[in-house]
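Undergrad: Here is the input, now give the coordinates:
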Amino acid sequence: MNVLIAAALIVIGFVFLVKGADLFVDNASGIAKKLGVSPVVIGLTIVAFGTSMPELAVSVTAALQGSNEIAVGNVVGSNIFNLLVVAGASACLYPLICDRVLLKRDWPLSAVAAILLGIFLLGDQTISRLEALVLLVIFAVVLFLQLKGAKQEENIHPEERSMGRLVLFLLIGIAAIVIGGQVTVEGATSLARILGLSETLIGLTIVAVGTSLPELVTSVVAARKGENDIAMGNVIGSNLFNILCILGVSALLHPIHVEVTALYDTAFLVVVTVVYWLICRHRSPDRLIGTAMILTDIGYMAYIILR
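TA: Numbers count the residues shown, from 1 in each chain. Here you go, the predicted model:
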């Protein structure tokens with residue numbers, strides 16, 4: 001396999017992942033509306049999970065195939081990209097007003113999740129099945145708290161599509177996500193071998209950016225429409241889901257061992273999560289902060305390429 005074929009596989013995989021996630025979110029939301037689930041609950045669960053489906057497919061596939069660096073690098077890299085580029089680009093378009101609950105509960109929880117990941121990797125650089133179970137239990141508690149705090153609302157726009165059509169396209173979306181995950185991992189591992197690059201580098205850059213495209217599109221569109229809660233909530237919610245659920249599921253299926261550089265990347269994730277949380281507590285993310293976020297990501301990308 002040459003470089004062009006490997007790159008083509010990654011691009012094809014991304015197309016399947018993004019389109020599959022779009023179909024999943026759209027049709028799962030339609031089914032939820034049919035069943036009388038409130039829009040708030042749909043947003044907290046289906047939309048947040050749907051935009052993270054590419055990361056789930058890639059990390060689980062990578063873990064099962066023994067490509068541990070891609071499994072962890074994808075999650076950590078996606079979280080860094082979400083916080084710095086997705087939120088930063090959204091703030092550059094429209095000043096974001098962070099929800100009080102987001103600042104007091106969800107954002108600190110995402111920092112705690114990153115710290116916990118670092119602690120698990122600190123000893124033997126492995127996420128064991130027991131540690132994976134801890135992550136999943138915490139995820140269940142976080143999900144319960146989010147749903148408990150959700151206000152029930154009536155659906156303003158009732159779902160007109162038939163249940164059969166919704167289920168069919170939901171299954172097509174899931175199939176596209178699974179296929180996209182397998183193709184992306186195959187292309188990424190092949191590209192790393194051909195170019196002599198580490199799987200960590202590929203996972204933190206190309207794969208992480210590609211699997212974060214749904215979050216980028218969702219948050220930027222939300223920011224342009226003035227939907228601040230969706231723009232920032234999508235970023236923080238996805239970051240929580242990525243560490244607690246995706247790494248939890250991946251390591252439960254197959255314990256994940258990584259190189260020591262994964263600790264440095266996780267430490268950087270903790271630092272930027274805490275620093276920008278402290279900044280946003282006192283000042284709403286505007287164009288200046290958004291630009292600083294994007295420049296921080298560019299600087300870190302340069303560092304991991306050169307290290």
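
Undergrad: Point out where the protein drops to low pLDDT.
TA: 1, 37-44, 149-158, 227-230 (pLDDT under 70).

Undergrad: count of neighbours near residue 298?
TA: When neighbours are defined as other CB atoms under 10 Å, residue 298 has 12 of them. No exception for glycine: its C-beta is placed from N, CA and C like everyone else's.

Undergrad: Wait, a helix at it?
TA: Yes: under DSSP: H, G, I helix; E, B strand; the rest coil, residue 298 falls within a helix.

Undergrad: how close does it sit to residue 79?
TA: Remark: distance between residue 298 and residue 79 (CB to CB, to the nearest Å) = 17 Å.

Undergrad: Equivalent analysis for residue 208, please.
TA: 8 Å.

Undergrad: which of these two has more neighbours?
TA: Between residue 208 and residue 79, counted using other CB under 10 Å, the more crowded position is residue 79 (30 against 24).

Undergrad: what residues are up against the more buried one?
TA: 110, 114, 238-239, 242-243, 269, 273 (CB atoms under 8 Å, 6 or more residues apart in numbering).

Undergrad: Kindly recompute the last result at 6 Å.
TA: Shown in contact with residue 79 (CB atoms under 6 Å, 6 or more residues apart in numbering): 239, 242, 269.

Undergrad: between the residues you listed, which is closest to residue 172?
TA: Of all these, residue 172 sits closest to residue 242, with 24.2 Å by CB to CB.

Undergrad: which residue packs closest to that closest one, ignoring adjacent ones?
TA: Closest residue in space to residue 242, ignoring its immediate chain neighbours: residue 75 at 4.7 Å, by CB to CB, 6 or more residues apart in numbering.

Undergrad: how many neighbours does the one you found have?
TA: 32.

Undergrad: how close does it get to residue 161?
TA: For residue 75, the distance to residue 161 - CB to CB - is 33 Å.
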